[in-house]
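*Asks:* what's the 3D shape of this:
(chains A and B)
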There are 2 protein chains.
Amino acid sequence: MDQAYKDIVGFHGHSCPGLAMGYRMTKGVLGFLSGSRARDEEIVAITENDACGVDALQWLSGCTFGKGNLIFKDYGKQVFTLYNRKTGRGARVVFRDQSVPENLRKDRKKLVCWILSAPEEEALSVAEVQIDEPAPARIMNSITCEFCGEKVMETRIEQVNGKAACIPCSHRV
Amino acid sequence: MDQAYKDIVGFHGHSCPGLAMGYRMTKGVLGFLSGSRARDEEIVAITENDACGVDALQWLSGCTFGKGNLIFKDYGKQVFTLYNRKTGRGARVVFRDQSVPENLRKDRKKLVCWILSAPEEEALSVAEVQIDEPAPARIMNSITCEFCGEKVMETRIEQVNGKAACIPCSHRV
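*Replies:* Sure, this is the predicted structure:
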């Protein structure tokens, strides 16, 4: 296990096959795109699942939930697509589940070892893809909910009896 | 700046007021609940925004997008609610935007310093709340899409002409 995987385990909380898959997938697709970690929003990731491996994606690629450059499509597939805004190139990576030796599927520790060390062409399919450039994250103004007094992003305000309401207050009144 | 904030800046990619808010909020609510970081799913976080501060929440609380213990409610509010499955206690933390000195609002560096160092009672409101225990994340079986041949979580399969299709393939055929 290299240091980056250990650090990712620290972030995620534990090692598991899903995390190892996300680690290999992210390293593979970043390598394909000759990309480094996103300091701001220069890389965008589209993940087709919300399983453990996405924590490796966040950690390695810098495409994080809080930065607005992690897009979730709820397709239940072990697929990430990364897009580099600087180069305009995109690549899609799929974990090749069919390569996993059957005798390892029930032994999580050995499975993690196999995923981390298998040759890239066995573990992954990586291919260039054309995608439309995702819109960058926007910073919105905040206004005050006239019911609870808490600040709310202006695009999440609803009008209730002529007053500005946050979504939870709009459900209560 | 303490080491934890520096590490979070490393994860997020840059320091900003939103990240600092998330850092104070998460430290405050974890302290209130006498909680430590979630190795697995023992803590659940509900975030009412998807802005920068959620990266501090992920890093400090261990409630991460990939682990299934980060629940997003798109309310546009600087509010986190944390729930500890072991103790059954929940707490809600709000960043007190009204406390921010007006002369600091346009100076991001000074604003970050204020957010990181303001007394907790000025920066935050933290209160115990009763919430229903969120359901834990589930691991699903995968089956193969009969159109693209890729593996898909069984609950995301659709039937197209009597064949199992992943969502993207079901849109194409």
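
*Asks:* so A:C52 touches A:G18, yeah?
*Replies:* Yes: using CB atoms under 8 Å, A:C52 is in contact with A:G18, at 3.3 Å. Glycine gets a C-beta too; all of them are placed from N, C-alpha and C.

*Asks:* intersection of neighbour lists for these two?
*Replies:* Residues touching both A:C52 and A:G18 (CB atoms under 8 Å, 6 or more residues apart in numbering or on different chains) are B:G66.

*Asks:* so these two - more neighbours on which side?
*Replies:* Taking neighbours as other CB atoms under 10 Å in any protein chain shown, A:C52 and A:G18 compare with A:C52 leading, 26 against 23.

*Asks:* need the contact list for that one.
*Replies:* Counting by CB under 8 Å, 6+ apart, A:C52 has contacts A:12, A:16, A:18-19, A:21-22, B:66-67.

*Asks:* what about A:C148, neighbour count?
*Replies:* Neighbour count of A:C148, defined by other CB under 10 Å: 15.

*Asks:* tell me how far it lies from chain B.
*Replies:* The gap separating A:C148 from chain B is 9 Å, by CB to the nearest CB, to the nearest Å.

*Asks:* which SS state does that residue fall under?
*Replies:* Recorded secondary structure, A:C148: coil (DSSP: H, G, I helix; E, B strand; the rest coil).

*Asks:* that older thread, narrow the contacts of A:C52 to those in helices?
*Replies:* Using DSSP state H, the subset of the contacts of A:C52 located in helices is A:12, A:18-19, A:21-22.

*Asks:* need the max-distance pair from the residues you listed.
*Replies:* A:H12 and A:M21 (12.2 Å; CB to CB).

*Asks:* need the overlap of contacts for the two.
*Replies:* Shared contacts of A:H12 and A:M21, defined by CB under 8 Å, 6+ apart, are found at A:52, A:56.

*Asks:* give me the element A:A45 is part of.
*Replies:* Per DSSP states H and E: A:A45 is located in strand A:43-47.

*Asks:* residues making contact with that strand?
*Replies:* Under CB under 8 Å, 6+ apart, the answer for strand A:43-47 is A:35, A:37, A:54, A:57, A:61-63, A:69-73, A:79-85, A:131, A:133-134.

*Asks:* quick check: mean pLDDT of it?
*Replies:* Averaging pLDDT along strand A:43-47 yields 96.

*Asks:* where do the strands sit along chain A?
*Replies:* Counting by DSSP state E, the segments of chain A that form strands are A:43-47, A:70-72, A:79-84, A:90-95, A:124-129, A:142-144, A:151-153, A:158-160, A:163-165.

*Asks:* how about those in CSV, adding distance to B:E121?
*Replies:* CSV is the format used below for these (distance: least, CB to CB, whole Å):
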stretch, distance to B:E121
strand A:43-47, 39
strand A:70-72, 34
strand A:79-84, 43
strand A:90-95, 47
strand A:124-129, 51
strand A:142-144, 20
strand A:151-153, 18
strand A:158-160, 31
strand A:163-165, 27
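
*Asks:* make CSV from those and add distance to B:Q3 and mean neighbour count to it.
*Replies:* Formatted as CSV, those follow (distance: least, CB to CB, whole Å; neighbours: other CB atoms under 10 Å in any protein chain shown):
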stretch, distance to B:Q3, mean neighbour count
strand A:43-47, 26, 24
strand A:70-72, 25, 18
strand A:79-84, 30, 24
strand A:90-95, 33, 23
strand A:124-129, 35, 15
strand A:142-144, 30, 16
strand A:151-153, 30, 23
strand A:158-160, 42, 14
strand A:163-165, 40, 17
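
*Asks:* out of these, nearest to A:L104?
*Replies:* Proximity to A:L104 (CB to CB) singles out strand A:90-95 among the strands of chain A, at 14.3 Å.

*Asks:* is chain B within reach of that closest one?
*Replies:* Yes: using CB under 8 Å from any CB of the partner chain, strand A:90-95 reaches chain B at A:V94.

*Asks:* and if you look at stretch A:122-129?
*Replies:* No: figure legend: stretch A:122-129 not in contact with chain B (CB under 8 Å from any CB); closest approach 9.1 Å.

*Asks:* just the CA coordinates of that stretch, formatted as PDB?
*Replies:* Output of stretch A:122-129 as PDB, limited to C-alpha atoms (Å, rounded to 0.1, in the frame of the first residue of the first chain):
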ATOM      1  CA  GLU A 122      -6.800  -5.800 -16.300                       C
ATOM      2  CA  ALA A 123      -8.300  -3.500 -13.700                       C
ATOM      3  CA  LEU A 124      -9.500  -0.600 -15.800                       C
ATOM      4  CA  SER A 125     -10.900   0.500 -19.100                       C
ATOM      5  CA  VAL A 126     -10.000   4.100 -19.800                       C
ATOM      6  CA  ALA A 127     -11.200   5.900 -22.900                       C
ATOM      7  CA  GLU A 128     -11.300   9.500 -24.200                       C
ATOM      8  CA  VAL A 129     -14.800  10.900 -24.300                       C
END
